[in-house]
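Participant: kindly generate the corresponding structure for this input.
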Amino acid sequence: MKYTAAIVDAFTDKPYSGNPAGVVYLGGDPFPYEELCIRAAAELRFSETAFIRKLTETEYALRYFTPVCEAALCGHATVASFSFLRDKKICGLGDMLVHTKSGDIRVSVERDEVWLDMAEAKTVLEIDEWTRTELYKAYGLPIRNEVKGLIPKAVSVGLTDVLLPVDNREELDSAVQNEAAISEISRRLDVTGVHMFCLTDDGFTAHCRNFAPLYGIPEECATGTSNGALFHYLYEYGIVGPSPVRFIQGEKMGRPSVIMAKLEDGRVRVGGPGAVVMEGAIVL
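Facilitator: Next up, the predicted model:
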């Protein structure tokens, strides 16, 4: 079967920046079997590819695949998906009910942005002192227990990441990952990866880098779920309020991405624009 496929840059309105995702629109057809979806995602070669089923005008089901496995939820691929559906006039503006492996979420399609609910936000664990040492060492950074009163923690808004604070942008940019070490720590802690950040006052709440080598992603230029987790983490520390804040990620990769986050009706939401850069057909 042939289906419409696209490449969409998420968390940017400028093509060839932000975080690219594959999008495969299945119409009302069922999802292909899992191994085929993984192979298709590997062929497209993006960190995530979203497969979309339309159930009604305002109800959809999404599944997300990396080149090696299925992910329960992916923020940037969701923004990419509904930017594509909106631009192709497959969906209108307003709230959509979206079924994912992480649970049902609300996606708000606006004229220039897409916002999505995260799953329930929760701090899973505070990273112990020994593992903190391992983490900073694995990035070639100074070993410490905390940074400006912030302690590394594992936080989930559907996917769980270790939130690793560093002192400033110089440290953030200088980090070099030991992929084997971070993969082993991620496996042991049962997390997706590491979301490294430093707080700033330059118009962005934080500059970020994201690493998930366990899932075949050495570094990613925009991650909605990780920044949703970061928003919850900073909210618990009293550093941010419920109003929208902006995080920037991907600068080190030459693909700056701006991810917005806020608290609305008790749920963390992330959002941003998306730019469709290519459209064609894929055979499944």
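Participant: with adjacent residues omitted, what lies nearest to the residue nearest to the spatial centre of the chain?
Facilitator: Of all residues in the chain, the one closest to the mean position by Cα atoms, centre = their mean is residue 223, 2.4 Å from it. Residue nearest to residue 223 in three dimensions, not counting chain neighbours: residue 210, with 4.6 Å by Cβ to Cβ, 6 or more residues apart in numbering. Where C-beta positions appear, they are placed from N, C-alpha and C, glycine not excepted.
Participant: contacts for the helix or strand hosting that neighbour next, please.
Facilitator: Element membership for residue 210, per DSSP states H and E: strand 206-212. For strand 206-212, the external contacting residues (Cβ atoms under 8 Å, 6 or more residues apart in numbering) are 161, 169, 172, 175, 177, 182, 186, 192-200, 217-221, 223, 226-227, 230, 234, 247-249, 251-252.
Participant: switch to 6 Å and redo it
Facilitator: 169, 172, 177, 182, 192-200, 219-220, 223, 226, 247-249 (Cβ atoms under 6 Å, 6 or more residues apart in numbering).
Participant: buried ones from those, can you make that a ChimeraX selection?
Facilitator: Of the contacts of strand 206-212, the buried ones go into a single ChimeraX selection, burial set by 16 or more other Cβ atoms under 10 Å:
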select :172,177,182,192,193,194,195,196,197,198,199,219,220,223,226,247,248,249
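Participant: sitting in strands, which of the contacts of strand 206-212 do you find?
Facilitator: Judged by DSSP state E, strands contain the following of these: 193, 194, 195, 196, 197, 198, 199, 219, 220, 247, 248, 249.
Participant: does residue 67 really touch residue 43, like I thought?
Facilitator: No - the criterion here is Cβ atoms under 6 Å, and residue 67 misses it with residue 43 at 8.6 Å.
Participant: higher neighbour count, those two?
Facilitator: Shown here are residue 67 and residue 43; by other Cβ atoms under 10 Å, residue 67 has more neighbours (19 against 11).
Participant: list the contacts of that one.
Facilitator: Contacts for residue 67 (Cβ under 6 Å, 6+ apart) come out as 41, 42, 216.
Participant: sorry, back to before: just want the angle from the strand holding residue 210 to strand 193-199.
Facilitator: Inter-element angle recorded for strand 206-212 and strand 193-199: 170 degrees (by axes from the mean of the first three to the mean of the last three Cα atoms, to 10 degrees).
Participant: and strand 206-212, what's its mean pLDDT?
Facilitator: Here strand 206-212 scores 97 as its mean pLDDT.
Participant: use 131 as the first number from now on
Facilitator: Fine by me, first position is 131 from now on; the one you just mentioned is strand 336-342.
Participant: which residues in this structure form helices?
Facilitator: 164-174, 205-217, 259-268, 299-304, 309-319, 354-366 (DSSP state H).
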